[in-house]
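Undergrad: Please work out how this folds:
(6 chains)
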Protein chains: 4
Amino acid sequence: MAKPERPLRADAARNRARVLQVAYDTFAAEGLAVPIDEIARRAGVGAGTVYRHFPTKEDLYRAVVEDRICRMVDEGRELLATGDPEALYAFLRRVVLQWGATDRGLADALAGVGVDIKAAMPEAEEGFIALLDDLVKLGQKAGTVRQGIVGSDIKAILNGSLAMQASHPDAAARLTDVILDGLRPR
Amino acid sequence: MAKPERPLRADAARNRARVLQVAYDTFAAEGLAVPIDEIARRAGVGAGTVYRHFPTKEDLYRAVVEDRICRMVDEGRELLATGDPEALYAFLRRVVLQWGATDRGLADALAGVGVDIKAAMPEAEEGFIALLDDLVKLGQKAGTVRQGIVGSDIKAILNGSLAMQASHPDAAARLTDVILDGLRPR
Amino acid sequence: MAKPERPLRADAARNRARVLQVAYDTFAAEGLAVPIDEIARRAGVGAGTVYRHFPTKEDLYRAVVEDRICRMVDEGRELLATGDPEALYAFLRRVVLQWGATDRGLADALAGVGVDIKAAMPEAEEGFIALLDDLVKLGQKAGTVRQGIVGSDIKAILNGSLAMQASHPDAAARLTDVILDGLRPR
Amino acid sequence: MAKPERPLRADAARNRARVLQVAYDTFAAEGLAVPIDEIARRAGVGAGTVYRHFPTKEDLYRAVVEDRICRMVDEGRELLATGDPEALYAFLRRVVLQWGATDRGLADALAGVGVDIKAAMPEAEEGFIALLDDLVKLGQKAGTVRQGIVGSDIKAILNGSLAMQASHPDAAARLTDVILDGLRPR
DNA sequence: GATGAATGAGACTTCATTCAT
DNA sequence: CATGAATGAAGTCTCATTCAT
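TA: Down below sits the predicted model:
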């Protein structure tokens, strides 16, 4: 996928991957305010190298988010493949409680803080919405999800749940179930 | 009430109120990243004047948020006084849809972005939680709110709902109802 | 002395004196970096009142220093009147050890930091030099001060001794005697 | 010597040296109140460059002072090596009259204005005191320096002499000899 | 005359981005 | 290509001085 353009020299690819990983860890742990120099330092490269791969800070952040979303989608696809009527709920719980707990950047990204996903990464956004659509339909067919709900609604609710988890981590598990209850047919 | 201390000179009070109003509008519209100088400019005062009233940027933000929370609490108290078993839901809908729609700073504040409300404004926080407790109990007595929920849970869910409204304003009305449905007894 | 111009209303005179006293204490204790607002606050007056009496911060500082120098001269005159051949040394010891220990502003002033005494307060400067001249002559007549020394030399050495006292207060008493020994005939 | 760490790129070393030189000249000529921006401008670099090499203004000042002190110590060591019983006096005269005449920052630094040498640069301070100790002992052995004096006393007296030179440059040569006379045995 | 609020220039510092090595 | 030094535009905050009350 992406745009191979030119296969990138081996060391360059290694650097790119390392920067991406470090940026992910750092944004997740400390938010978007971390200077690029700091990320470069932690990745063991010069600031210039970061800028070679990601021309602006926003580009770097976007790449991090895109990577995250793709991983989320991968996990969701696996759950979908099981055919479990509870797959949607299992997916949302996992994202909120496991990812959200360690990844402040993810919540921000989904909420549109720092980057407009839809505009910046239409493909990732589409894939994500498509997954949610599929999970919703699976549930609706099995009667575990109320009618009238679509994939983008789930994304909105996921946003909210992540924000809730970020601000009230202790109550998040219980309250996520409360919120998800609202998605079930009465 | 509050702290009379000294009634503040007429011009000072005028400027303080204007700065607070401008800061509110500006934070609401553009988030926390706006420079103090810009707020001063819009308020038609020198930067020094802002700093006289609010020694640090956080102090200003805190004052804005405190003001907002107090207004929210006032509205909530009115709804509570009607004794309507739906008062909790009416309150949350109003906060999310009417306030949240124009007030990005409010969502940030409740989510703890930029200021730790509980630490910075314990009184405002307490009053808010107390209101939510009362609204919850009213609903529980009338059977419109499920057992096991407490005021701070509502605050967490409100946070989430505001984040949701911020990122998906078009679907917010419908989805807020979905979320609130989760609070009702099954 | 000074310029009576108009005898100053009683309350104004009181304010002026209070500001001067507070400014002296504050500069002595904390140096010249203290804001005028702080001095006004400690004096229990508005900043505007300070500026009415002392149009600039330098004017205030100058007045403080002039006042100090006058007091120094008064003490020196008393010692001179005793006719004691050691009067010069007694005077210098007292100024360095007793005044210098509590009055950083004095050392700064004599050293020309913050204000040029000779230019700003020619009268005070002249009176001070005249005193030193008299003390030197008294000592020279009695054979306790070497020839070739004049009043302004003493002022220079006093400056140095005050600087020494400021930076090494513990050794100042002993070392002041060492320095003063250099003034005695061999 | 020093800390090789990494040899610093050629251009960086050049800029660092230039900033240090300009800072030295500027502090010497105009005191510590000069803004960093002004030093950057005179050095022909951006303010950020100054901050890269010297993270705070104090760091810059400290580096300037440390450099000065090291040069002083070097000169003193040379004089010591001659074994001349007058070495201490020659050293002090040279520092006061040649250095002090053009270097107000040096006097300030030794006096502890703006930076606490002992705390900030313990090595430089120790080396300086050790040199003075050696010079004193050389003189005491030869009978040119009175007993009971130690290196730190000389530092205190040097401080004073520099202050004297700063405020009364014309009389400094003569009066320095007077002060130094006090150090000789009677 | 006194007050203290307002002013606004300017200090220190940070950091996204560029570019010489 | 990688490096990391240089840049310079902001940002926050301070304070001498002025001026409306």
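Undergrad: Which SSE is immediately downstream of the worst-scoring helix or strand of chain A on mean pLDDT?
TA: Every helix and strand in chain A was compared by mean pLDDT, DSSP states H and E; the lowest is helix A:104-111, with a mean of 68. Per DSSP states H and E, helix A:104-111 leads on to helix A:117-120 as the next helix or strand towards the C-terminus.
Undergrad: got the contact list for the following helix or strand past that next one?
TA: Downstream of helix A:117-120, the next assigned helix or strand under DSSP H and E is helix A:122-142. Helix A:122-142 is contacted from outside by A:65-66, A:69-70, A:72-73, A:76-77, A:79-80, A:83, A:85-89, A:91, A:117-118, A:145-147, A:149-155, using Cβ atoms under 8 Å, 6 or more residues apart in numbering or on different chains. C-beta: built from backbone N, CA, C; applies to glycine.
Undergrad: repeat for stretch A:154-162
TA: Outside stretch A:154-162, the residues that reach it (Cβ under 8 Å, 6+ apart) are A:88, A:92, A:95-96, A:100, A:106-107, A:110-111, A:128-129, A:132, A:135-136, A:172, A:176, A:179, A:183, B:159-164, B:167-168, B:171-172, B:175, B:178-179.
Undergrad: Could you rerun that using 7 Å?
TA: A:92, A:95-96, A:100, A:106-107, A:110-111, A:128-129, A:132, A:136, A:176, A:179, B:160-161, B:163-164, B:167-168, B:171, B:175, B:179 (Cβ atoms under 7 Å, 6 or more residues apart in numbering or on different chains).
Undergrad: angle of the helix or strand hosting A:Glu58 against helix A:122-142?
TA: A:Glu58 belongs to helix A:57-82 when assigned by DSSP H and E. Helix A:57-82 and helix A:122-142 meet at an angle of 30 degrees, taking axes from the mean of the first three to the mean of the last three Cα atoms, to 10 degrees as the criterion.
Undergrad: Could you list the residues in contact with stretch A:178-186?
TA: Counting by Cβ under 7 Å, 6+ apart, A:89, A:92, A:143-146, A:149, A:157, A:161, B:157, B:160, B:178-183 sit against stretch A:178-186.
Undergrad: Name the residues of that stretch that are buried.
TA: A:Val178, A:Ile179, A:Leu180, A:Asp181, A:Gly182, A:Leu183 (16 or more other Cβ atoms under 10 Å in any protein chain shown).
Undergrad: Let me know the closest of those residues to B:Arg41.
TA: Minimum distance to B:Arg41 across the buried residues of stretch A:178-186 is 41.8 Å, recorded for A:Ile179 (Cβ to Cβ).
Undergrad: Please report how far the closest one lies from B:Ile149.
TA: Computed as Cβ to Cβ, to the nearest Å, the A:Ile179 to B:Ile149 distance reads 12 Å.
Undergrad: ditto for A:Leu183
TA: From A:Leu183 to B:Ile149 the distance is 18 Å (Cβ to Cβ).
Undergrad: what's the answer for A:Val136, then?
TA: 26 Å.
Undergrad: likewise A:Ala40?
TA: 47 Å.
Undergrad: what about these two, which has more around it?
TA: B:Ile149 (22 against 19; other Cβ atoms under 10 Å in any protein chain shown).
Undergrad: returning to that earlier point: which of the contacts of helix A:122-142 are buried?
TA: So, by 16+ other Cβ under 10 Å, the buried ones in the contacts of helix A:122-142 are A:65-66, A:69-70, A:72-73, A:76, A:79-80, A:86-89, A:91, A:117, A:145-146, A:149, A:151-155.
Undergrad: Excluding covalently adjacent residues, which one is nearest to A:Ile69?
TA: A:Ala124 (4.6 Å; Cβ to Cβ, 6 or more residues apart in numbering or on different chains).
Undergrad: okay, now that neighbour: neighbour count?
TA: Around A:Ala124 there are 20 residues (other Cβ under 10 Å).
Undergrad: any weak-confidence spans in chain A?
TA: By pLDDT under 70, the weakly predicted segments of chain A are A:1-9, A:105-106, A:108-117.
Undergrad: Domain ranges for it, per the record?
TA: For chain A, automatic domain parsing gives the domain ranges A:1-55, A:66-181.
Undergrad: and DNA strand E, which of those is closest to it?
TA: The closest of the domains of chain A to DNA strand E is domain A:1-55. By Cβ to the nearest atom of the strand, the value is 3.4 Å.
Undergrad: what's the distance between the closest one and the middle of its chain?
TA: 18 Å (Cα atoms, centre = their mean, to the nearest Å).
Undergrad: That one near chain B at all?
TA: No: Domain A:1-55 stays clear of chain B (Cβ under 7 Å from any Cβ of the partner chain), getting no nearer than 9.4 Å.
Undergrad: Tell me if that domain is near DNA strand E.
TA: Yes: Domain A:1-55 reaches DNA strand E (Cβ under 7 Å from any atom of the strand) through A:Ala33, A:Pro35, A:Ile36, A:Asp37, A:Ala47, A:Gly48, A:Tyr51, A:Pro55.
Undergrad: For A:Gly31, what are phi and psi?
TA: As for A:Gly31, its main-chain torsions (degrees, to the nearest 10) stand at phi 80, psi -170.
Undergrad: what's the spacing between it and A:Tyr61?
TA: 11 Å.
Undergrad: buried sites along stretch A:127-141?
TA: A:127-129, A:131-140.
Undergrad: tell me the SS of A:Arg184?
TA: Look at A:Arg184: counting by DSSP: H, G, I helix; E, B strand; the rest coil, its state is coil.
Undergrad: go on, A:Pro55?
TA: Once three-state DSSP is applied, A:Pro55 turns out coil.
Undergrad: Tell me the spacing between it and chain D.
TA: 21 Å (Cβ to the nearest Cβ, to the nearest Å).
Undergrad: same question, A:Asp37
TA: Distance from A:Asp37 to chain D, by Cβ to the nearest Cβ: 11 Å.
Undergrad: show me what contacts that residue?
TA: Contacts of A:Asp37 by Cβ under 7 Å, 6+ apart are A:Ala47.
Undergrad: ok, now A:Gln165?
TA: Per Cβ under 7 Å, 6+ apart, neighbours of A:Gln165: A:Val96, A:Leu97, A:Gly100, A:Ala101, A:Ala172.
Undergrad: tell me which element it falls in.
TA: With DSSP H and E as the test, A:Gln165 turns up in helix A:151-167.
Undergrad: what's the angle between that helix and helix B:151-167?
TA: Computed by the same axes, to 10 degrees, the angle between helix A:151-167 and helix B:151-167 is 130 degrees.
Undergrad: And helix A:151-167, how far out from the chain middle?
TA: Worked out by Cα atoms, centre = their mean, helix A:151-167 lies 11 Å from the chain centre.
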